[in-house]
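Chemist: Got a sequence here, can you build the structure:
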Amino acid sequence: GIVRNYGVSVERIDEAIAAMQYGISAIEVIFNMFRLRPADELFAAAHENNVGIIVRVPLASGLLTGKFNENSVFGENDHRNYNRDGKFFDKGETFSGIDYMTGVKAAKELKEALGTDNLAETALRYILMYPEVSTVIPGASSPQQIVNNANATQLPPFTPEQMAIVRDIYNRYIREQVHDKW
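Modeler: Numbers count the residues shown, from 1 in each chain. Purely as a prediction, here's the structure:
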């Protein structure tokens with residue numbers, strides 16, 4: 001009688017759907033502009049089963065900040081340096097599983113097409129467009145990043161045209177690399 005609600009953290013959509021058979025209250029899953037499959041295959045089932053969605057890796061390991069380029073360097077102990085191919089843990093956890101240079105190009109195009117200088121806040125606001133999302137877990141390395149992340153809630157909702165821009169860039173750059181893997 002002590003535990004009233006529990007949830008699971010999953011890598012794959014099939015794991016999330018299977019977990020709903022056990023009366024869970026929440027699912028933690030990767031979802032962002034570079035990992036759209038949960039919106040296509042999981043969110044409706046979660047809504048139907050009254051299961052909350054906790055989004056992790058919302059900025060694709062920083063790619064969706066729009067600050068990285070082909071010359072960016074990551075520290076020796078940074079998973080963005082040593083786990084790009086999944087040697088140490090699931091590849092999907094690093095840059096949401098996409099090739100780094102593809103992600104840099106797609107982030108640049110998103111930034112331009114959405115007309116934003118702050119892709120991180122915009123990417124977080126995009127996630128909040130989905131009513132099935134209960135909460136988002138963005139990382140932060142400074143107090144200002146925490147404030148900036150929270151500011152995403154104050155941005156105006158995406159228009160249908162902006163939602164289509166995200167989907168188009170995903171389909172052109174990202175879909176083939178990740179959509180059917182997780």
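Chemist: Phi first, then psi, for the closest residue to Gly7 other than its chain neighbours.
Modeler: Distances taken as CB to CB, 6 or more residues apart in numbering place Ala26 nearest to Gly7, at 3.3 Å, with adjacent residues excluded. Placement of C-beta: from N, CA and C, glycine included. When quoted as degrees, to the nearest 10, the phi and psi of Ala26 stand at phi -150, psi 150.
Chemist: Beta-bridge partners for Ala26, please?
Modeler: As for beta bridges, Ala26 partners with Gly7, Gly52 under DSSP bridges.
Chemist: what's the spacing between it and Val133?
Modeler: According to CB to CB, to the nearest Å, Ala26 and Val133 sit 11 Å apart.
Chemist: Need the overlap of contacts for the two.
Modeler: Residues touching both Ala26 and Val133 (CB atoms under 8 Å, 6 or more residues apart in numbering) are Ile53.
Chemist: where do the strands sit along the protein?
Modeler: 7-9, 26-30, 52-56, 133-137 (DSSP state E).
Chemist: hang on, the earlier thing: was I right about the residue nearest to Gly7 contacting Asn50?
Modeler: No. Counting by CB atoms under 8 Å, Ala26 stays clear of Asn50, with 10.2 Å between them.
Chemist: Pick out whichever of those two has more residues nearby.
Modeler: More crowded of Ala26 and Asn50, by other CB atoms under 10 Å: Ala26, with 18 against 8.
Chemist: what residues are up against that one?
Modeler: Applying CB under 8 Å, 6+ apart, the residues near Ala26 are Asn5, Tyr6, Gly7, Val8, Val51, Gly52, Ile53, Ile54, Ser134.
Chemist: picking that back up, how about CSV for the strands of the chain, with distance to Tyr170 added?
Modeler: CSV is the format used below for these (distance: least, CB to CB, whole Å):
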stretch, distance to Tyr170
strand 7-9, 23
strand 26-30, 14
strand 52-56, 16
strand 133-137, 17
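Chemist: Columns mean pLDDT and distance to Asp117 on top of the ones you listed, output as JSON lines?
Modeler: Formatted as JSON lines, these follow (pLDDT from 0 to 100; distance: least, CB to CB, whole Å):
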{"stretch": "strand 7-9", "mean pLDDT": "97", "distance to Asp117": "33"}
{"stretch": "strand 26-30", "mean pLDDT": "98", "distance to Asp117": "25"}
{"stretch": "strand 52-56", "mean pLDDT": "97", "distance to Asp117": "23"}
{"stretch": "strand 133-137", "mean pLDDT": "97", "distance to Asp117": "21"}
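Chemist: Of the ones you listed, which stretch is the most buried?
Modeler: Mean neighbours per residue, mean count of other CB atoms under 10 Å, is largest over the strands of the chain for strand 26-30, with a mean of 23.
Chemist: so it versus strand 133-137, what angle?
Modeler: Orientation check (axes from the mean of the first three to the mean of the last three CA atoms, to 10 degrees): strand 26-30 against strand 133-137 gives 50 degrees.
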